[in-house]
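Enquirer: sequence first, then the predicted structure:
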Amino acid sequence: MTSAPNHVKGDLAHLIHPLTDHSRLPEAGPLVLVRGEGSELVAEDGRRLIDGMAGLWSVNLGHGREDLIEAAARQMRELPYAATFGGVSSPPAIELAGKIAELAPPGLSGVFFVSGGSEANETAIKLARRHWVRDGRPEKSVILAHDRGYHGLTGVTTTATRLRPYHGDFGIAAPDIEEVPAPYPYRCSAGTPCDPETCPVCTGAALEQKVEGLGAERVAAVIVEPVFGSGGVIVPPSGYLRRLREICDRHELLLIVDEVITGFGRTGAWFACEHESVVPDLITFAKGVTSSYIPLGGVIVSDALWEELREPAAHPGVLMHGFTHSGHPVACAVALANIEAIEREGLLAVVREKAETLAALVAPLGDHPHVGEVRQAGLMVGVELVADKATRQRWPVEAERGRNAAAEARRRGLLTRGLLGDVLCLAPPFTIADETMERAVEILGESIEATESLHR
Ligand code: PLP
């Protein structure tokens, strides 16, 4: 009998991991996953774990879907690759662009494909700036990005990501990205407790002031996540996105809504901007479009921006942007199968139902003395751990409160993350069984309690 392969040594020898302290990795060891079954994962050492984050908020249909696997295999046999450069195309890219235009809010109809969320936002920012350059106003180039927003880690998007730990090690920032405050009532920069009806941040007044301070003639666009994911599952007060739309209209700015996490169902609608009936100028997507079975992302643009590209008299010339894998036929075929499954199985309604079940399950976590707030939008939950419930005081970073709880959860069979150190999150697959969801929340609670004694 041959012994099972052990990849730990190989991992430590050669594999560079994102968001990982490699000096500490040998202590706990890498978690080598070898199989996925629905909402559960199997590690090389035989442990089973609940996939509490659906990978990285993305394996929305769960693991082991034969329909997605078949779609990839069929397309690989037929035509594994075709570029979309220079007017070349393939049926899956064409059909997917049409399907996404059909699902997007009315008024958006052009789709540009990339391979992930960072490329999608990098592209959206370039398209927004190009619009003003072609309009004869190249000085209109500033992008307003929210504190605690996460938009990716390529060149410009690293700077548009307004989370400090991502900046320190990489030298100069990209120019013309300006920060605006986060609509984060629990820790509002205008003071807490905050009344979202009157607070200058949550009403968008602070953002508008920033536009006026810079001069609208210098500002190209505002970028925002409908629900801030990696920044700590921050759910902006209802009406915030609508106010951003109004401000953008008043000052002639483009609105980029980053739906990389929320797109394709995670909040119970195809796109989260639908909850406020907001029509952005550009929507970015990735992750859930293929349930992460294969990398794909993209940007959906307004009719006006799409028309600009097609109207030679107004805007002549080639769109000098794109990637080798833009419109990759295999990725597009998987996305078509993924969207078809969401429709066929009525998964948007399932998300809405499961979100209610999840809300009831997580509510009691708020009673724990270390839990400051439990936040939720659809199947996204954030549990913010605090040192002092009354004053909302944070744990010192070096205490690693959230990371310790997440590590304990992993030992007990649940994969979760401690965002920014102290926000534990759950974002399960849409197809998770209620009993599994129940067990996931139970483990989360047990793990917060079990690590309490480390933090007194
Ligand atoms: N935008 C948001 C809201 C995200 O959550 C992420 C990734 O988590 C990105 C952009 C970047 O996506 P990617 O890691 O695919 O480049």
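Expert: That came through fine. Numbers count the residues shown, from 1 in each chain.

Enquirer: so residue 76, which state does it fall into?
Expert: Counting by DSSP: H, G, I helix; E, B strand; the rest coil, the backbone at residue 76 sits in helix.

Enquirer: before we move on, what about residue 212?
Expert: At residue 212, secondary structure determined by three-state DSSP is helix.

Enquirer: was I right to think residue 397 contacts residue 403?
Expert: No: Residue 397 is beyond contact range of residue 403, at 10.0 Å (criterion: C-beta atoms under 8 Å). In short, each C-beta sits where N, CA and C put it, glycine included.

Enquirer: who touches both of the two?
Expert: With contacts taken as C-beta atoms under 8 Å, 6 or more residues apart in numbering, the residues that reach both residue 397 and residue 403 are residue 421.

Enquirer: more neighbours, these two?
Expert: Neighbours were counted for residue 397 and for residue 403 using other C-beta atoms under 10 Å; residue 403 has more, 17 against 12.

Enquirer: from residue 383, how far out is that one?
Expert: Residue 403 is 13 Å from residue 383, where distance means C-beta to C-beta, to the nearest Å.

Enquirer: now do residue 402
Expert: Residue 402 sits 9 Å away from residue 383, taking C-beta to C-beta as the criterion.

Enquirer: what residues does this structure put near the ligand?
Expert: Neighbours of the ligand within the chain, by C-beta under 6 Å from any ligand atom: 56, 116-118, 121, 150-152, 225, 229-230, 258, 260-261, 286.

Enquirer: please redo it, this time with the cut-off set to 8 Å
Expert: If contact is defined as C-beta under 8 Å from any ligand atom, the residues of the chain in contact with the ligand are 56-57, 115-121, 149-154, 157, 225, 228-230, 258-262, 284, 286-287, 295, 297.

Enquirer: among those residues, name the buried ones.
Expert: 56-57, 115-121, 149-152, 154, 157, 225, 228-230, 258-262, 284, 286-287, 295, 297 (16 or more other C-beta atoms under 10 Å).

Enquirer: shouldn't residue 42 be within a helix?
Expert: No: secondary structure assignment (three-state DSSP) places residue 42 in strand, not in a helix.

Enquirer: in the sheet, who's paired with it?
Expert: residue 35, residue 48 (DSSP bridges).

Enquirer: counting neighbours, what do you get for it?
Expert: Applying other C-beta under 10 Å, we find 15 other residues in the vicinity of residue 42.

Enquirer: which element is the spatially closest residue to residue 123 that is not a sequence neighbour on?
Expert: Nearest non-adjacent residue to residue 123, counting by C-beta to C-beta, 6 or more residues apart in numbering: residue 299, 5.1 Å away. Using DSSP states H and E, residue 299 sits in strand 297-302.

Enquirer: elements contacting that strand?
Expert: helix 91-103, strand 108-114, helix 117-134, strand 282-285 (3 or more C-beta pairs under 8 Å, 6 or more residues apart in numbering; DSSP states H and E).

Enquirer: what's the most buried one of the ones you listed?
Expert: The highest mean neighbour count among the helices and strands packed on strand 297-302 belongs to strand 282-285 (a mean of 29), with neighbours defined as mean count of other C-beta atoms under 10 Å.

Enquirer: give me the residues contacting that strand.
Expert: With contacts defined as C-beta under 8 Å, 6+ apart, strand 282-285 is touched by 100, 104-105, 108, 117, 120-121, 123-124, 127-128, 221, 254-260, 263-264, 271, 273, 297-302, 305.

Enquirer: sorry, back to before: how about CSV for the helices and strands packed on strand 297-302, with mean pLDDT added?
Expert: Conversion of the helices and strands packed on strand 297-302 to CSV gives the following (pLDDT from 0 to 100):
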stretch, mean pLDDT
helix 91-103, 98
strand 108-114, 98
helix 117-134, 97
strand 282-285, 99
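
Enquirer: okay, now the unreliable bits of the chain?
Expert: For the chain, residues meeting the criterion pLDDT under 70 lie at 1-5, 314-316.

Enquirer: give me the most central residue, it.
Expert: Taking C-alpha atoms, centre = their mean as the criterion, residue 261 is the residue nearest the geometric centre of the chain, at 3.0 Å.

Enquirer: domains of this protein?
Expert: 31-64+346-455, 68-344 (automatic domain parsing).

Enquirer: now the first one: how far from the chain's centre is it?
Expert: Which is domain 31-64+346-455. Per C-alpha atoms, centre = their mean, to the nearest Å, the displacement of domain 31-64+346-455 from the mean C-alpha position of its chain is 16 Å.

Enquirer: span of it from start to end?
Expert: Using C-alpha to C-alpha, to the nearest Å, one end of domain 31-64+346-455 lies 25 Å from the other.

Enquirer: now swap in the longest one and tell me
Expert: Separation of the first and last residues of domain 68-344 by C-alpha to C-alpha is 14 Å.

Enquirer: what separation is there between the closest residue to the ligand within the stretch 1-150 of the chain and residue 247?
Expert: As assessed by C-beta to the nearest ligand atom, the ligand sits closest to residue 117 within the stretch 1-150 of the chain, at 2.2 Å. Counting by C-beta to C-beta, the gap between residue 117 and residue 247 amounts to 25 Å.
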